[in-house]
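Trainee: requesting a structural model of the entry that follows:
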Amino acid sequence: MDGCIKKIIEGLNAMKHPIFRAALIGAAALAVTACVGGDATDPSPAPEVSTLRVVHASADSPNVNVVIDGANFATDLPFKSASVLSTVSSGTATVQVDGIVPGGTATVIGPVDITLEDQMEYNVLAVGGLSAIEPLIVSSPAASSLVNTVRAQVVHGAANAPQVDVYVTAPGADLAQSTALGSFSFTESLGPVEIPSGDYQVRVTLPGTPGAPGAVVFDSGTVALPTSNMLIVAVDNTTLGASPISLIATANGVGTLELLDKDTPTQFRVIHNSPDAPPVDVIVNDDFANPPLLESVPFPMFSDFIEVPADTYNVKVTAENNPGAIVIDEDLPLAAGQQYSVYAIDVLANIGAYVLIDDLRSVATEAKVRIVHLSPGAGPVDIYVTDVGADITNLEPAFAGVEFEAETGYVSLAEGSYDVIVTVAGTKTIAIGPATVALAAGEVYTAVARDAAGGGAPFGLILLDAFN
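Mentor: Residues are numbered from 1 along each chain as shown. Coordinates of the predicted model:
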C-alpha cells in the first residue's frame with residue numbers, strides 16, 4: 001500500500017501546471033481510497049441469513065433424507081430426531097424429504113418452496129402418518145444470547161393425540177392453581193416463551209378451564225431445563241404405557257432427547273433356547289414364597305411380554321419345581337419404554353442369559369426382520385434371504401460368517417415372500433431351510449436359530465413377533 005501512495009504523489013509532483021494539478025487531485029483521492037481497500041463510508045451490507053432445522057415426527061415413516069436446493073441437508077434421519085440447527089441464506093429454499101425404502105428412496109414431501117426471512121429460525125417438521133404426511137413449518141425470531149433463561153417453543157406434532165393444554169410448572173405445583181402455557185391441537189404451536197432455567201414439571205392435560213384442569217395424559221415428572229434455546233415436539237407414543245404422546249426436545253440446535261411419561265413401564269419376555277435343559281421356572285427378585293413368575297417353560301417355547309415398572313430386576317432360572325437348582329442368576333436393568341427378550345441359551349453345562357432390546361415400532365413402507373444365531377451346535381453360519389425357490393449356488397450371502405450369539409439387527413425388506421437359508425459358513429451346505437416366509441409391510445419379525453431338542457442337528461428356528 002505504501003508503494004501505491006508513493007506513486008500517486010510522484011505523479012502529482014510531475015504535473016507542473018496548476019490547472020493539471022487541480023484536476024488530478026480528485027482522481028488522486030479516489031486512487032488513495034482504492035489503495036486502502038474501498039470506500040469505508042459505504043460498506044457492503046451484511047448477508048441476510050436464517051437458521052433452519054428439520055424434525056422427523058412421522059411415527060410410521062422410515063428414516064429420511066432431506067434435500068434443500070438440490071444439496072443434502074440431513075441423511076438417514078430417524079423418527080424422533082432432528083437435524084442440526086444450521087445457518088442458511090435467506091430467500092426461497094426448495095425442500096424435499098425422501099423416505100429410505102427397501103431398494104432405494106421415495107419422495108414423501110415436496111419439493112416444496114419455503115420463504116426464509118432474515119434473522120428468523122425455521123423448523124420444518126414432517127408430521128402425520130405416512131399416508132397423510134405433510135410439512136409443518138414453525139418460525140420465530142432468531143434467539144438472542146440467553147443468560148440463565150430457557151427459551152422454549154412447543155409444537156403439537158402427534159397426529160393421533162387430541163387437543164390438549166400444556167402446563168410447565170415448578171415440580172409438584174397444583175395444576176388447579178397454575179396457568180396453562182396454552183391450548184393447542186395437532187400442527188399448532190405455543191411460544192416461544194422465556195422462563196428461568198431450572199427444574200420443572202411438564203404436564204399435558206385434556207382441555208379444561210382455569211382452576212379445573214382436564215385429566216393429565218402426560219406427566220414428565222421433574223426435569224432439568226438448562227439455559228438453552230429449546231424446541232419441544234409432542235409426537236405419537238410408539239413405546240409403552242397409556243400416554244398418547246412422548247416429547248422430543250432439542251437444545252441449542254444439537255441432538256434430541258426423548259421425554260417419556262414418568263409412569264411409562266417396561267416389558268420383557270423369556271425364551272427357553274437351551275436345547276438339553278429341562279423345563280424351567282423363572283423367579284423374579286427372589287420371590288420364592290410365591291409361585292414362579294413363569295412355570296414349566298419347555299424348550300423351545302417362550303412367554304408373552306410381561307409388563308412391569310422400570311427398574312433393575314434379579315431373574316433366576318431354575319429347574320422345573322426345583323428352586324434350589326438355579327442355572328441362571330442375572331440382574332437385569334430394564335428401562336422405561338423398552339421391550340426386552342431374555343433368552344436362556346447354550347447347552348445346560350454352559351447355560352446363560354442373552355438379552356436383546358426389541359424394536360416393535362411399525363414402519364408402513366417395510367417389514368423389519370431380525371435373525372439371531374443362538375444355535376450352539378451349528379457353528380459360524382452364512383444367511384441367505386432370497387426369492388422363493390432361488391438357487392444359492394452363485395449367490396453371495398446377505399450375512400456372512402455369523403457367529404453364535406450374533407444377530408443381524410433389524411433389516412428392512414419389501415413386502416412379499418422370501419426363502420431364508422442358513423448354511424455352514426463359507427459353504428453352500430444347508431443347515432436350516434429353505435424356510436419360506438411371507439412378510440407384510442408394517443410388521444416386525446424375529447427368527448432365532450436353535451438346535452434340536454437335546455442339542456445338535458437337525459437345526460431349526462424359533463419364530464417370534466409377527467411370525468406368530
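Trainee: check contacts around the nearest residue to L146 once chain neighbours are set aside.
Mentor: In this structure, L146 finds its nearest non-sequential neighbour in T227, 5.5 Å apart by C-beta to C-beta, 6 or more residues apart in numbering. All C-beta spots, glycine's among them, are computed from the backbone N, C-alpha and C. By C-beta atoms under 8 Å, 6 or more residues apart in numbering, the residues touching T227 are L146, V147, N148, T149, V150, S197.
Trainee: out of the residues you listed, which are inside strands?
Mentor: Taking DSSP state E, the ones among those that sit in strands are T149, V150.
Trainee: which among the contacts of T227 end up buried?
Mentor: For the contacts of T227, a burial check counting by 16 or more other C-beta atoms under 10 Å picks out T149, V150, S197.
Trainee: which ones are touching the second one?
Mentor: Which is V150. E194, I195, P196, S197, L225, P226, T227, S228, M230.
Trainee: any idea how far the residue nearest to L146 is from A289?
Mentor: The span separating T227 from A289 equals 51 Å under the rule C-beta to C-beta, to the nearest Å.
Trainee: same check on L461?
Mentor: In terms of C-beta to C-beta, L461 sits 38 Å off from A289.
Trainee: which residue ranges of this structure form helices?
Mentor: 2-14, 18-35 (DSSP state H).
Trainee: between the ones you listed, which gets the lowest average pLDDT?
Mentor: Among the helices of the chain, helix 18-35 has the lowest mean pLDDT, at a mean of 41.
Trainee: thinking again about what came up before, can you select the buried ones among the contacts of V150 for me in ChimeraX?
Mentor: Filtering the contacts of V150 down to the buried ones (16+ other C-beta under 10 Å) takes a single ChimeraX command:
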select :197,225,227,228,230
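Trainee: any chance of a markdown table for the contacts of V150, columns distance to I100 and pLDDT?
Mentor: Formatted as a markdown table, the contacts of V150 follow (distance: C-beta to C-beta, whole Å; pLDDT from 0 to 100):
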| residue | distance to I100 | pLDDT |
| --- | --- | --- |
| E194 | 38 | 95 |
| I195 | 38 | 95 |
| P196 | 41 | 97 |
| S197 | 37 | 96 |
| L225 | 33 | 94 |
| P226 | 33 | 93 |
| T227 | 36 | 94 |
| S228 | 30 | 94 |
| M230 | 28 | 95 |
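Trainee: could you dump the contacts of V150 to a markdown table with distance to S61?
Mentor: Output for the contacts of V150, formatted as a markdown table (distance: C-beta to C-beta, whole Å):
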| residue | distance to S61 |
| --- | --- |
| E194 | 33 |
| I195 | 33 |
| P196 | 37 |
| S197 | 34 |
| L225 | 29 |
| P226 | 30 |
| T227 | 33 |
| S228 | 28 |
| M230 | 24 |
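Trainee: what's the closest of the contacts of V150 to T115?
Mentor: Minimum distance to T115 across the contacts of V150 is 24.7 Å, recorded for M230 (C-beta to C-beta).
Trainee: quickly list what the closest one is bridged to.
Mentor: Bridge pairing for M230 (DSSP bridges) gives the partners A152, A251.
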